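Chemist: test case, fold it:
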Amino acid sequence: MTINVWLREGFISFVIFVIFWAIAKSSFYTLSEWIPKLAKKTKTELDDRLVEVCKTPLYYLILFIGLYIAFDNLPLRGGLKGSVNGTLFILLTASGIFLCIRIVQEAISWYGDNIAIKTDTTLDEELLPLFRKIAVIVVVLLGVIFIFKHFDQDIFTLVTAFGVGSLAVGLAAKDTIANMISGFIIMIDRPFRPGDRVQLASGEIGDVEHIGIRSTKIKTYDNTILVVPNSEMSNNKVININYPDSKIKSRIEVGIAYGSDIEKAKRIMIEAALSIPVVLNDPEPVAFFLSFGDSALNLLLIFWVENYRDRLVAIDMINSIINARYNQEGIEIPFPIRTIYHGESEGRKG
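Modeler: Residues are numbered from 1 along each chain as shown. Below you'll find the model as predicted:
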């Protein structure tokens with residue numbers, strides 16, 4: 001191959017690259033200076049956000065396309081040209097994948113910030129992170145298939161191998177997959193939502209902080225995060241204290257001494273409950289003579305609190321008032337007494 005051919009083809013390749021470089025620079029400048037001014041005139045900010053995230057990936061995509069075409073035009077032979085061409089093709093495909101991912105993610109984020117928050121349900125907001133991850137996986141898989149197709153690889157063989165590999169991975173990670181499926185079911189069925197207070201089958205109580213794909217995070221009373229696999233949340237009994245509303249029934253048991261005025265003791269319990277602002281008047285508090293205990297007459301007070309978060313505060317205040325009023329009225333709250341009889345020493349010997 002003559003030097004003239006090399007010079008001519010090299011010059012053409014250089015011109016091609018310069019043209020694409022100029023197009024890339026012009027695109028970047030246009031998306032940075034002119035398009036934003038036009039986008040600001042529209043009613044939606046989606047176009048503004050897409051312009052901002054697209055300008056840099058688009059610049060590199062155009063640049064890699066120019067490099068690929070320019071190098072492919074060079075009169076090279078053998079493995080060197082194939083290796084460099086393959087590398088450049090992978091780079092420009094990766095740039096295209098990155099550009100598509102940025103567009104999809106920004107569009108989903110815009111939907112969450114402007115539309116999802118205005119709907120009556122929070123389901124779409126909870127599913128958006130899942131949709132974002134699925135969209136990224138789909139774009140990457142399509143890009144990989146496109147690359148394999150370019151190198152004349154058998155896609156069906158790849159899909160078969162991927163299926164066999166997925167089966168092996170699925171058997172090895174069945175618990176993780178079960179948690180992911182359970183997480184999706186929880187997001188659809190919505191037995192609880194972020195912010196709800198729940199009680200688990202194991203007895204722990206806390207507020208739901210986040211429902212993820214693999215696990216649910218619950219903030220306990222101790223200000224610690226309890227991470228529970230979604231399969232356990234889905235398969236075991238979970239009490240949603242926040243459903244159907246924030247009202248909650250509470251109970252206080254008190255034992256009074258035998259011979260005490262039961263009706264007066266019950267009236268004091270009800271008056272103590274009604275004196276607390278967070279206790280509801282409808283349904284009104286009620287007191288019952290529950291049972292005859294070993295050392296006391298057992299009374300039960302039932303009352304409703306407007307918000308479950310005030311339950312412990314209400315119990316504390318009611319108990320304090322009952323204790324003070326019982327002391328004033330001479331009503332004794334006994335403690336358990338055991339009487340033990342000892343036989344005479346002679347009797348034990350006999």
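Chemist: so Glu253 touches Leu290, yeah?
Modeler: Yes - Glu253 is within contact range of Leu290, at 7.0 Å (criterion: C-beta atoms under 8 Å). (Each C-beta comes from the backbone N, C-alpha and C, glycine too.)
Chemist: can you check which residues contact both of these two?
Modeler: Counting by C-beta atoms under 8 Å, 6 or more residues apart in numbering, the contacts common to Glu253 and Leu290 are Asn298, Leu299, Leu300.
Chemist: name the SS class of the closest residue in space to the second one that isn't next to it in sequence, please.
Modeler: This means Leu299. Spatially, and ignoring its direct neighbours in sequence, Leu299 is nearest to Val254 (5.0 Å; C-beta to C-beta, 6 or more residues apart in numbering). Under DSSP: H, G, I helix; E, B strand; the rest coil, the three-state class of Val254 is strand.
Chemist: equivalent analysis for the one 10 residues further on, please.
Modeler: Counting by three-state DSSP, the backbone at Lys264 sits in helix.
Chemist: just the buried positions in the lengthiest helix in the chain, please.
Modeler: Ranked by residue count under DSSP state H, the longest helix found in the chain is helix 79-114. In terms of neighbour count (16 or more other C-beta atoms under 10 Å), helix 79-114 has its buried residues at 84-85, 88-108, 110-112.
Chemist: what is that helix packed up against?
Modeler: In terms of contacts (3 or more C-beta pairs under 8 Å, 6 or more residues apart in numbering; DSSP states H and E), helix 79-114 is packed against helix 46-73, helix 123-150.
Chemist: go through those helices and pick out the most buried.
Modeler: helix 46-73 (a mean of 19; mean count of other C-beta atoms under 10 Å).
Chemist: quick one: mean pLDDT for that one?
Modeler: Averaging pLDDT along helix 46-73 yields 86.
Chemist: can you check stretch 93-100 too?
Modeler: pLDDT averaged over stretch 93-100 gives 90.
Chemist: and Lys43, what's its pLDDT?
Modeler: 76.
Chemist: burial count for it?
Modeler: With neighbours defined by other C-beta atoms under 10 Å, the count for Lys43 comes to 6.
Chemist: one step back: could I get the helices and strands packed on helix 79-114 as a markdown table with distance to Pro36?
Modeler: As requested, the helices and strands packed on helix 79-114 are exported to a markdown table (distance: least, C-beta to C-beta, whole Å):
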| stretch | distance to Pro36 |
| --- | --- |
| helix 46-73 | 6 |
| helix 123-150 | 25 |
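Chemist: map the structural domains onto the sequence of the protein.
Modeler: 3-172, 191-240, 248-329 (automatic domain parsing).
Chemist: take the ones you listed and write them to CSV, including distance to Met180.
Modeler: Shown next, in CSV, are the domains of the chain (distance: least, C-beta to C-beta, whole Å):
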stretch, distance to Met180
domain 3-172, 9
domain 191-240, 5
domain 248-329, 31
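Chemist: mean pLDDT for these: which is lowest?
Modeler: domain 3-172 (a mean of 78).
Chemist: rewinding a little: out of the helices and strands packed on helix 79-114, which is closest to Val228?
Modeler: Val228 lies closest to helix 123-150 among the helices and strands packed on helix 79-114, at 16.7 Å (C-beta to C-beta).
Chemist: other SSEs contacting that closest one?
Modeler: helix 79-114, helix 155-172, helix 174-189.
Chemist: hmm, back to that, which one, of the domains of the chain, ends up nearest to Ile340?
Modeler: For Ile340, the closest of the domains of the chain is domain 248-329, at 14.6 Å, according to C-beta to C-beta.
Chemist: quote the end-to-end distance of that closest one.
Modeler: From its first residue to its last, domain 248-329 covers 30 Å (C-alpha to C-alpha, to the nearest Å).
Chemist: all helices for the stretch 251-350 of the chain, in order.
Modeler: Secondary structure of the stretch 251-350 of the chain by DSSP state H, counting those that start in this stretch: the helices cover 262-274, 311-329, 345-349.
Chemist: any idea which of the ones you listed is most buried?
Modeler: With a mean of 19, the top stretch among those by mean neighbour count (mean count of other C-beta under 10 Å) is helix 262-274.
Chemist: give me the contact list for it.
Modeler: So helix 262-274 is contacted by 252, 254, 256, 279, 281, 284-289, 297, 299, 301, 303, 318, 321-322, 325-326, 329, 331 (C-beta under 8 Å, 6+ apart).
Chemist: now with 10 Å?
Modeler: Residues outside helix 262-274 that contact it (C-beta atoms under 10 Å, 6 or more residues apart in numbering): 250, 252, 254, 256-257, 261, 279-281, 284-289, 297, 299-305, 314-315, 317-326, 328-331, 333.
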